[in-house]
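Peer 1: I'd like to go over a predicted model; first the sequence, then the structure.
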Amino acid sequence: MELPHYYNEEDECVFLPYRWEVCHYCDGSGGSSAYLGAFTPDELWEQGEEFVEDYLGGRYDRDCPECGGRTTVPVVDEDHCDPAALAAYNRQQELEWEFRAAQEAERRAGC
């Protein structure tokens, strides 16, 4: 889990003020069994009662891939950010998103 930061013109890492918020991926549980995929109720019960109890009890949970089991994630505290730093951070986030979207499009195209 990375703290909010961007790289300035001199390629220096600049950290932004942040606060901790409940992880949106695991809703603060710190764990997830999402790697197993989704089950309909019928599919779940087809696995047997012991599996259902273990599954619902968190036996198959792994640390959340987003928060690493911490239950919270750092988010930029925009109220305490320098406006120029926040603009630079937001632009870098946009570029990163565009880059990842292009990679995903290439992957789907078989490149």
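Peer 2: Thanks, I have it.

Peer 1: The helix or strand bottoming out on mean pLDDT in the chain pairs with which strands, parallel or anti?
Peer 2: Every helix and strand of the chain was ranked by mean pLDDT, DSSP states H and E. The lowest is strand 31-32, at a mean of 82. Under the criterion DSSP bridges, strand 31-32 sits next to strand 62-63 (antiparallel) in its sheet.

Peer 1: following the partner strand, which helix or strand shows up next?
Peer 2: The helix or strand immediately downstream of strand 62-63 is strand 72-76, counting by DSSP states H and E.

Peer 1: tell me which strands and helices the very next helix or strand once past that next one is in contact with?
Peer 2: Per DSSP H and E, the first helix or strand lying C-terminal to strand 72-76 is helix 83-108. Packing partners of helix 83-108 (3 or more C-beta pairs under 8 Å, 6 or more residues apart in numbering; DSSP states H and E): strand 5-7. All C-beta atoms are positioned from the backbone trio N, CA, C, and that covers glycine.
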